[in-house]
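Enquirer: here is the input, now give the coordinates:
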Amino acid sequence: MRATEDFEDTGRPGEYDDIVEGLKSIPAVEPRLAFRLKVAWRSRVTGDPGVRQASTSRQKRTGLSPLPRAAAIAFAAVCVVLVLFFGLTLLSRGSHPGETLYVFKVARENISMAFSGDPLARARKNLDLAQERLKELDYFVSRKNIEPDRIKYIARQYNENKVQVQKVIAQKSAAPDSKMLASELQNLETRKAGILGRMAALPSPAGFLTPAAGAGLSLRDASGSQPFDGGLSDISGHADGSGRYDFDYVLSDKNKVPELDATVELDGYKTTAPVFAPVEQPITKGRLEAVVEPRKTVIALGQSELFALKLDRKGGGNTGGTRLVLEDRSGTSLINGQGGKADMAAGTDGSCSFTVTKTSSGVSRISLSVFDETPVDMGDILVLGTTEKEAGGITQQSGVTSRVTPGAVGNRVELDNGRVQVVADGQSPHAIIKSLTESGNKSISTGPLEDMLAVPGVPGVRGPVETKGPSLTYSNSDSAAYEVDISAKLGKFTVHRVYVVSLVKGNDFVSISCKTSESSGPQPSENSIPASVPGIRLPRGDDTRIGGVPAGSLNKDGQRTTIPVDSAYPFVTYKSGGRGVVLCYPAEGPDSWEVDNGFIYTSYAEGANLPGVISETTSFLGLSNEADVQSMIDKALETRAGEPWQDWGFEIECAPALRNLRQGRQRLTLTIRKKYQKLSDYFVNNR
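Expert: Modelled structure (predicted):
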């Protein structure tokens with residue numbers, strides 16, 4: 001501007017024309033790309049399109065003022081955190097509750113749920129999450145790693161997802177997608193029942209029972225010694241939140257079995273039981289050995305339990321006819337309905353049976369004396385605690401009655417719990433169950449349920465079939481069971497099966513356990529056993545369905561059709577007298593169903609039950625209204641078959657065990673679990 005002013009002032013136009021034209025001729029030069037990017041960045045971050053202040057040396061090097069540089073660092077940090085977060089969520093996909101990465105798995109699931117749109121999409125997502133919870137449950141059950149808090153967490157989350165799905169199904173019942181969701185949810189519920197059934201069958205009580213947190217506890221020494229701190233003969237306290245109770249104990253004589261009893265009370269239930277189980281069997285004294293079955297430690301007050309005693313002589317020798325005397329020196333039970341001593345004689349094989357009825361609280365210590373040339377004191381062969389329901393406890397349901405009627409060909413056994421009646425008859429040797437009938441309504445029934453080995457004319461059976469039973473194995477106010485023993489000659493080898501059919505109070509079904517024991521003779525080839533032999537057949541009703549599919553559509557012209565067992569539908573239902581009859585298998589069952597014009601068979605892959613292999617299966621046969629079929633199956637799968645089931649009281653476990661005790665002072669820990677509250681309950685109730 002100054003040059004122009006000078007030009008105008010001088011009044012000499014044209015004096016600088018040459019210089020101006022020269023400047024105009026200089027070519028324009030664009031700034032470098034890096035410089036333009038810096039300017040754009042500063043303009044974006046600070047809102048300042050230009051440079052107004054002199055830069056410091058650091059600003060000159062970076063091109064950024066201190067504030068924008070901090071923002072850039074923060075932005076970069078956020079990016080790193082996001083990358084790490086999403087990386088960890090990907091790594092956490094296979095994690096399980098209790099593991100470090102599991103929190104990222106849950107976060108990913110929550111984010112995914114937040115982006116689910118309409119109700120049906122959210123229901124679908126909830127169904128996927130419920131399926132994921134079952135995968136986690138299956139993981140722990142498969143590894144026999146049952147930790148109550150983890151199971152409760154999985155159950156709570158599963159129930160929440162299930163409820164959300166059910167809400168959408170109810171709101172949009174007419175939508176095709178809703179019907180699909182209902183079907184898939186049903187499949188999921190069946191799978192859940194199967195996993196819970198496997199959990200119930202775990203050998204450890206921890207796999208099924210919950211801790212008795214805060215239970216009142218008292219300990220006493222029945223021998224009269226004073227093994228506790230301060231020379232006390234009894235102490236009391238409460239279990240902690242894990243159902244554990246620690247105490248100091250002084251063992252004065254290593255060779256004397258401690259007579260330590262515990263009484264536990266909680267929620268109106270009471271159990272008095274020996275802290276240490278009876279000595280390991282067989283019980284040996286000199287050349288004599290005695291074994292008592294079943295190996296129980298607790299029965300209910302007023303309950304009668306049937307026991308079997310087997311006496312053997314080491315090195316051989318007959319014990320048949322030997323005089324036996326049983327005595328409860330504690331005076332808390334009756335033996336064979338009488339107090340004091342019970343005098344008996346061993347059968348021809350050295351065995352006999354007897355009943356024990358609890359008459360008062362406390363532990364019964366039952367001793368055995370054998371009069372074999374000279375009297376032999378075998379010591380305590382049975383130690384039984386007592387369970388009771390105090391005021392405020394749950395009212396007992398009607399019990400189980402049993403009746404055995406001797407017949408010309410075997411016994412007739414009837415079990416009845418007031419809901420269903422199951423009958424077995426020695427006149428039908430091939431029938432494991434002759435009939436299952438609704439109590440008081442003989443028109444609603446099913447049966448027979450048969451083992452194909454015992455059915456005349458089955459291919460592959462080339463020798464005699466021997467059937468023993470039915471024989472009553474136990475009977476008490478809570479449950480009862482009978483046994484059928486079948487042996488069949490197949491060519492040069494023998495297949496041997498033992499069925500135990502048990503009925504528990506309050507159930508609309510019986511539990512059927514089958515154990516195939518090792519067979520004699522050479523190993524056969526796989527195809528020497530017909531596929532139908534290791535199975536049970538069941539008559540069909542008018543509306544028989546396998547996994548919801550009508551059985552009539554599965555075969556044509558009466559020809560037998562094989563249908564692989566769907567793990568989601570391991571059961572068959574059919575109608576009989578207006579009620580649904582259900583046959584289901586839990587974790588281990590048939591490989592396929594076979595259907596012909598008269599029967600449904602269960603069958604196994606060829607070679608699955610070869611001699612030399614011991615296999616065990618459990619099935620359930622019951623009566624139910626159509627709407628209650630699933631709840632019956634759930635309950636059946638949670639029931640341990642083949643055992644007298646008592647759903648109340650406590651399990652008491654001591655560590656160290658009796659065999660690991662040392663003489664002198666030591667620290668013992670009792671672990672107490674509720675028998676009336678099971679981990680599986682958390683999948684039914686939102687707690």
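
Enquirer: ok, residue 271 touching residue 264?
Expert: Yes: here residue 271 reaches residue 264: they are 5.0 Å apart, a contact under C-beta atoms under 8 Å. C-beta: built from backbone N, CA, C; applies to glycine.

Enquirer: where in this structure is the helix or strand with the lowest mean pLDDT?
Expert: helix 2-10 (a mean of 43; mean pLDDT, DSSP states H and E).

Enquirer: how about stretch 113-129: buried residues?
Expert: 113, 120, 122-127, 129 (16 or more other C-beta atoms under 10 Å).

Enquirer: cool, and stretch 324-339?
Expert: 324-328, 330, 332-335.

Enquirer: first-to-last residue distance for it?
Expert: 16 Å (C-alpha to C-alpha, to the nearest Å).

Enquirer: contacts for it next, please.
Expert: 222, 309, 311, 340-346, 352, 354-371, 384, 386 (C-beta atoms under 8 Å, 6 or more residues apart in numbering).

Enquirer: what about 7 Å?
Expert: With contact meaning C-beta atoms under 7 Å, 6 or more residues apart in numbering, stretch 324-339 is reached by 340-346, 352, 354-360, 362-370, 384.

Enquirer: take these and keep only those in strands.
Expert: 341-345, 352, 354-358, 364-370, 384 (DSSP state E).

Enquirer: which stretches of this protein form helices?
Expert: 2-10, 17-24, 33-46, 57-62, 66-91, 102-114, 119-142, 148-171, 176-200, 629-637 (DSSP state H).

Enquirer: could you give the mean pLDDT of the longest one?
Expert: Which is helix 66-91. Mean per-residue pLDDT for helix 66-91: 64.

Enquirer: please apply the same query to stretch 169-184.
Expert: 79.

Enquirer: and that stretch, how far apart are its ends?
Expert: Stretch 169-184: ends 11 Å apart by C-alpha to C-alpha.

Enquirer: also stretch 202-219?
Expert: 29 Å.

Enquirer: ok, now stretch 111-123?
Expert: 15 Å.

Enquirer: can you map out the strands along the stretch 251-400 of the chain?
Expert: 260-266, 269-274, 283-285, 288-293, 298-300, 304-313, 323-328, 333-335, 341-345, 351-358, 364-372, 374-389 (DSSP state E, counting those that start in this stretch).

Enquirer: wait, which of the ones you listed is closest to residue 684?
Expert: strand 269-274 (19.9 Å; C-beta to C-beta).

Enquirer: so what touches stretch 260-269?
Expert: 212, 214-222, 270-276, 363, 389-393, 648-650, 652, 670, 672, 676.

Enquirer: of the residues you listed, select the buried ones using a ChimeraX command.
Expert: Here is the ChimeraX command that picks out the buried ones among these, judged by 16+ other C-beta under 10 Å:
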select :212,215,217,219,220,221,222,270,271,272,273,274,275,276,363,389,648,649,650,652,670,672,676
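
Enquirer: quick check: can you list the domain ranges of the chain?
Expert: 102-203, 209-268+648-683, 283-389, 401-637 (automatic domain parsing).

Enquirer: where in the stretch 351-500 of the chain is pLDDT low?
Expert: 390-398, 442-443, 454-463, 476-477, 490-493 (pLDDT under 70).

Enquirer: same question for the stretch 151-300 of the chain.
Expert: For the stretch 151-300 of the chain (pLDDT under 70), the answer is 173-174, 201, 203-207, 277-280.

Enquirer: residue 437 bridge partners, please.
Expert: residue 421, residue 445 (DSSP bridges).

Enquirer: give me the neighbour count for it.
Expert: 21 (other C-beta atoms under 10 Å).

Enquirer: my read: it touches residue 421, true?
Expert: Yes: shown here, residue 437 and residue 421 form a contact pair, counting by C-beta atoms under 7 Å, at 4.8 Å.

Enquirer: quick one, what contacts residue 594?
Expert: Under the criterion of C-beta under 7 Å, 6+ apart, the neighbours of residue 594 are 532, 560-562, 601, 603.

Enquirer: any idea how far residue 670 lies from residue 432?
Expert: In this structure, residue 670 and residue 432 are 41 Å apart, going by C-beta to C-beta, to the nearest Å.

Enquirer: actually residue 350, not the one I wrote
Expert: Residue 350 is 29 Å from residue 432, by C-beta to C-beta.

Enquirer: ditto for residue 98
Expert: For residue 98 relative to residue 432 (C-beta to C-beta), the value is 43 Å.

Enquirer: what is the neighbour count of residue 158?
Expert: Residue 158: 22 neighbours (other C-beta under 10 Å).

Enquirer: correction: the previous question concerned residue 290.
Expert: Residue 290: 22 neighbours (other C-beta under 10 Å).

Enquirer: and for the closest residue to it other than its chain neighbours, the neighbour number?
Expert: The shortest distance from residue 290 to any non-neighbouring residue, by C-beta to C-beta, 6 or more residues apart in numbering, is to residue 283 (4.8 Å). If you count neighbours by other C-beta under 10 Å, residue 283 ends up with 18.

Enquirer: give me the buried subset of the contacts of stretch 324-339.
Expert: Buried, going by 16+ other C-beta under 10 Å: 342, 344, 346, 352, 354-359, 362-370, 384, out of these.

Enquirer: returning to what we had before: so which of residue 350 and residue 432 has more stuff around it?
Expert: Shown here are residue 350 and residue 432; by other C-beta under 10 Å, residue 432 has more neighbours (29 against 21).

Enquirer: residues contacting the more buried one?
Expert: 449-451, 484, 499, 501, 512, 536.

Enquirer: need the buried ones from those selected in PyMOL.
Expert: Here is the PyMOL command that selects the buried residues among the contacts of residue 432 (16+ other C-beta under 10 Å):
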select buried, resi 449+450+451+484+499+501+512+536
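
Enquirer: and of the contacts of residue 432, the nearest to residue 153?
Expert: For the contacts of residue 432, with residue 153 as the reference and C-beta to C-beta as the criterion, the closest is residue 512, at 34.3 Å.

Enquirer: and the closest one, how far is that from residue 302?
Expert: Residue 512 is 29 Å from residue 302, by C-beta to C-beta.

Enquirer: just flag the most distant two among the buried residues of stretch 324-339.
Expert: So, these by C-beta to C-beta: farthest apart are 324 and 332, at 20.7 Å.

Enquirer: still on that earlier bit, how about a markdown table for the strands of the stretch 251-400 of the chain, with distance to residue 623 added?
Expert: A markdown table is the format used below for the strands of the stretch 251-400 of the chain (distance: least, C-beta to C-beta, whole Å):
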| stretch | distance to residue 623 |
| --- | --- |
| strand 260-266 | 35 |
| strand 269-274 | 30 |
| strand 283-285 | 43 |
| strand 288-293 | 31 |
| strand 298-300 | 26 |
| strand 304-313 | 27 |
| strand 323-328 | 40 |
| strand 333-335 | 36 |
| strand 341-345 | 40 |
| strand 351-358 | 30 |
| strand 364-372 | 37 |
| strand 374-389 | 28 |
